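K.L.:
Sequence and computational prediction follow.
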Amino acid sequence: MSTTAGTAPARLPRQIPYIIGNEACERFSFYGMRNILTPFLVSMLLLYAPEAERAGIAKDVFHSFVIGVYFFPLLGGWLSDRYFGKYNTVLWFSLIYCAGHACLALFDDNRQGFYAGLFLIAFGSGGIKPLVVSFVGDQFDQHNKHLAKVVFDAFYWTINFGSFFASLLMPIFLREYGPAVAFGIPGILMFVATFVFWLGRRRYVRVPPTRGADPDSFFNVARTALLARAEGQGRPGLLVAGCGALLALAILLCWALEPAWWPEKFEFVISFCLALGALIAFGGIGTWLQLERARGRHADSAVDSVRAVLRILIVFALVTPFWSLFDQKASTWILQGNQMRVPHEAWWWPSWLVREPAQMQALNPLLVMLVIPFNNLVLYPALRRIGFEPTALKKMGWGIAISGLAWVVAGLIQLRIDGGASTSLAWQALPYVLLTFGEVLVSATALEFAYSQATLAMKGVIMAFWYLSVTFGNLWVLLTNAGVRNEAAKGVIAASGLGENAFLMFFFAGFAFVAALAFAGYARRYPMQDNYRATA
């Protein structure tokens, strides 16, 4: 490592291993329960429902749970930034997380108790999501920030290390020992994760919360911009934001009153997310229209920071289609795998280990652990040698497109299944490879991108908005599942000559391709920022 004269070489902060160890255990815990959730629901908890309806109900429960996991980062980010700081918020939400796992293990035959456990896990897991990654970034400054880029990749690699073993082992425990043990083991790992995080408490760099005293916070600047008057001008931004608030209220009232024209399948989760989306979209546009009015009342740097956040939110919005594809590997792809033949007769198939379609999910974290070093050591240097710089936004745009290609392949596999051919489960490896490559380009890159683009006072909030993009990605899935249940959609699918599953796979692929084109167009105009903490 090169250093300038008189400057000590940059070193990795000593507290990083505690955070990495915590994340590895927590990810084993989360993916351990998440990756057996759909098969458990279909084969055990939803036996009260007609067999033909169980898969649809299981998908709705799964994606509603994921929506909760990625909605609660808003609360965690707000509590951390305003009151408690990242360390305390992570520790306390982790205890709630542990309680949720206990409920899953204790109430595996009780729907209300089990769903309560899912809520607590969504609440606890979501509360810490925007904080752990930004907490890693807080441990670095301008002197060693170049090491942060390596640690963010290592961080993501470790997440997938835990996820790999969870994805491979938990379906075995569910089959051999039942749901109480299969859900209990992730609970134990979550307790270990909390303990490891607590062990490093004396070494962490703790950026203090604003405690509401920051007059130049994102929401203070946005409120000033919306309410400020300009001589001889109206307040178009306030009007736009007000329309968003009225639209959100109307959506919630329609859910509560259920008028005859309101879609029957638009239950609370869908309605709430649509209302939230209206508030964010219209509020963001309104703030942008009047943001310059905040100058003079707030520091220029604060106004510029809010404009940067609004630009980032557009990036996040364009990434939501990726999440609608990615998270269905734990629902739609498992259900597809259940229609396929496990090739136990093949000499190369590891029948001693992989016996169920749900275990194919282990391919994803395994491939991530291989793709990340391949990209950093081989692919990216090769691209730079030919004059192509793989910037964060370029990686993310290509990642969305490649994920769409994965769903084209999954759709072709589904066509073969629908045609009655005996189809080997091994064919699912190809879409998993493509989806994982897309994931590394999008998700691993976005961890460092989101942290670097937000100013110090807004890092927790911007990470919460990043995770909220996953909520809206899963909202697309719920909306699509609701949409295909009406007669008009059924007619369109029938006219296409495709089965419902194949039609939806090609639909999501096309959705990703359109999003990738829109992302590429916006990325060309996006001004990159550098907001790492100054050298201590």
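P.N.:
Sure, I can see it.
K.L.:
Any idea how many residues pack against residue 285?
P.N.:
Residues lying near residue 285 (other CB atoms under 10 Å) number 16. Heads up, the C-betas are built off the backbone N, CA and C, glycines and all.
K.L.:
Tell me the helix or strand right after the helix or strand where it lies.
P.N.:
Secondary structure assignment for residue 285, by DSSP states H and E: helix 268-290. Using DSSP H and E, the helix or strand that follows helix 268-290 towards the C-terminus is helix 300-326.
K.L.:
Now do that following helix: which elements does it pack against?
P.N.:
helix 218-227, helix 268-290, helix 392-418, helix 429-439, helix 445-453, helix 459-483, helix 500-523 (3 or more CB pairs under 8 Å, 6 or more residues apart in numbering; DSSP states H and E).
K.L.:
Next, format the ones you listed as TSV and append distance to residue 72.
P.N.:
Below are these laid out as TSV (distance: least, CB to CB, whole Å):
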stretch	distance to residue 72
helix 218-227	18
helix 268-290	12
helix 392-418	24
helix 429-439	22
helix 445-453	17
helix 459-483	9
helix 500-523	25
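K.L.:
To residue 34, which of these lies closest?
P.N.:
helix 459-483 (12.4 Å; CB to CB).
K.L.:
average pLDDT across the closest one?
P.N.:
The average pLDDT within helix 459-483 is 86.
K.L.:
next SSE after it?
P.N.:
helix 487-496.
K.L.:
Can you show me the CA trace of that next one as CSV?
P.N.:
The C-alpha trace of helix 487-496 is given here as CSV (Å, rounded to 0.1, in the frame of the first residue of the first chain):
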residue,chain,number,x,y,z
GLU,A,487,-61.4,-11.8,-15.4
ALA,A,488,-59.9,-9.3,-17.8
ALA,A,489,-56.3,-10.3,-17.0
LYS,A,490,-57.2,-14.0,-17.3
GLY,A,491,-58.6,-13.3,-20.7
VAL,A,492,-55.3,-11.6,-21.8
ILE,A,493,-53.3,-14.5,-20.5
ALA,A,494,-55.5,-17.0,-22.2
ALA,A,495,-55.2,-15.1,-25.5
SER,A,496,-51.4,-15.2,-25.2
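K.L.:
just the angle between that helix and helix 500-523, please?
P.N.:
Angle of helix 487-496 versus helix 500-523, following axes from the mean of the first three to the mean of the last three CA atoms, to 10 degrees, is 100 degrees.
K.L.:
Please list the outside residues in contact with helix 487-496.
P.N.:
483, 484, 499, 500, 503 (CB atoms under 8 Å, 6 or more residues apart in numbering).
K.L.:
How about stretch 411-419?
P.N.:
336, 339-340, 423, 427-428, 431, 498-499, 501-502, 505-506, 509.
K.L.:
Looking at neighbours, which among the residues you listed is most surrounded?
P.N.:
That'd be residue 505 among those, by other CB under 10 Å, with 28 neighbours.
K.L.:
which ones are touching that one?
P.N.:
332, 407, 408, 410, 411, 414.
K.L.:
How far off centre is the least confident helix or strand in the chain by mean pLDDT?
P.N.:
Here the helix or strand of the chain ranked lowest by mean pLDDT, DSSP states H and E is helix 445-453, holding a mean of 76. Averaging C-alpha positions (CA atoms, centre = their mean, to the nearest Å) puts helix 445-453 14 Å from its chain's average.
K.L.:
One more: stretch 24-39?
P.N.:
14 Å.
K.L.:
Ok, stretch 309-329 next?
P.N.:
Worked out by CA atoms, centre = their mean, stretch 309-329 lies 8 Å from the chain centre.
K.L.:
now do stretch 203-212
P.N.:
25 Å.
K.L.:
And that stretch, what's buried?
P.N.:
204, 205, 207, 209, 210 (16 or more other CB atoms under 10 Å).
K.L.:
Can you tell me the centre-most residue of the protein?
P.N.:
residue 470 (3.9 Å; CA atoms, centre = their mean).
K.L.:
List the contacts of that one.
P.N.:
66, 69, 70, 320, 323, 327.
K.L.:
Swap in 10 Å and give it another go.
P.N.:
Applying CB atoms under 10 Å, 6 or more residues apart in numbering, we find residue 470 in contact with 66-67, 69-71, 73, 126, 129, 316, 319-320, 322-324, 326-327, 443.
K.L.:
And residue 119, by the same measure?
P.N.:
65, 68, 72, 100, 103.
K.L.:
That one - that's part of a helix, no?
P.N.:
Yes. When DSSP: H, G, I helix; E, B strand; the rest coil is applied, residue 119 is found to be in a helix.
K.L.:
distance of it from residue 26?
P.N.:
18 Å (CB to CB, to the nearest Å).
K.L.:
burial of residue 74, as a residue count?
P.N.:
20.
K.L.:
burial count for the residue lying closest to it once chain neighbours are set aside?
P.N.:
Ranked by CB to CB, 6 or more residues apart in numbering and with sequence neighbours excluded, the top spatial neighbour of residue 74 is residue 464, at 4.9 Å. Neighbour count for residue 464, taken as other CB under 10 Å: 27.
K.L.:
in terms of contact, does residue 464 touch residue 89 like I think?
P.N.:
No. Using CB atoms under 10 Å, residue 464 makes no contact with residue 89, being 11.4 Å away.
K.L.:
okay, and the common contacts of the two?
P.N.:
With CB under 10 Å, 6+ apart, residue 464 and residue 89 have common neighbours 75, 76, 77, 78, 80, 81, 127, 130, 131.
K.L.:
pLDDT score assigned to residue 435?
P.N.:
97.
K.L.:
Name all residues that make contact with the closest residue to it other than its chain neighbours.
P.N.:
The shortest distance from residue 435 to any residue other than its chain neighbours is 4.0 Å, reached at residue 406 (CB to CB, 6+ apart). The contact partners of residue 406, taken as CB under 10 Å, 6+ apart, are 325-326, 329, 333, 430-439, 505, 508-509, 512.
K.L.:
Distance-wise, check residue 406 relative to residue 39.
P.N.:
21 Å.
K.L.:
Among the buried residues of stretch 203-212, which one sits closest to residue 185?
P.N.:
For the buried residues of stretch 203-212, the nearest to residue 185 is residue 204 (28.3 Å; CB to CB).
K.L.:
That closest one touches residue 22, doesn't it?
P.N.:
No. Contact criterion CB under 10 Å: residue 204 and residue 22 do not qualify, at 11.3 Å.
K.L.:
where do the contact lists of the two overlap?
P.N.:
By CB under 10 Å, 6+ apart, the residues touching both residue 204 and residue 22 are 135, 197.
K.L.:
Can you get me the start-to-end distance on stretch 137-144?
P.N.:
11 Å (CA to CA, to the nearest Å).
K.L.:
Point out where this protein drops to low pLDDT.
P.N.:
Within the chain, the ranges that satisfy pLDDT under 70 run 1-10, 142, 145-146, 149, 156, 212, 447, 456-457, 459-461, 530-536.
K.L.:
tell me the residue furthest from the middle of it?
P.N.:
Computed with CA atoms, centre = their mean, the residue of the chain farthest from its C-alpha average is residue 232, at 44.4 Å.
K.L.:
List the contacts of residue 514.
P.N.:
321, 400, 404.
K.L.:
Distance to residue 110 added to the contacts of residue 505, as TSV?
P.N.:
Below are the contacts of residue 505 laid out as TSV (distance: CB to CB, whole Å):
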residue	distance to residue 110
332	27
407	36
408	41
410	35
411	38
414	35
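K.L.:
Mind telling me the two of those residues farthest from one another?
P.N.:
It's 332 and 408 that sit farthest apart of the contacts of residue 505, by CB to CB, at 14.2 Å.
K.L.:
more crowded one of those two?
P.N.:
It is residue 332, of residue 332 and residue 408, that has more neighbours when counted by other CB under 10 Å, with 25 against 18.
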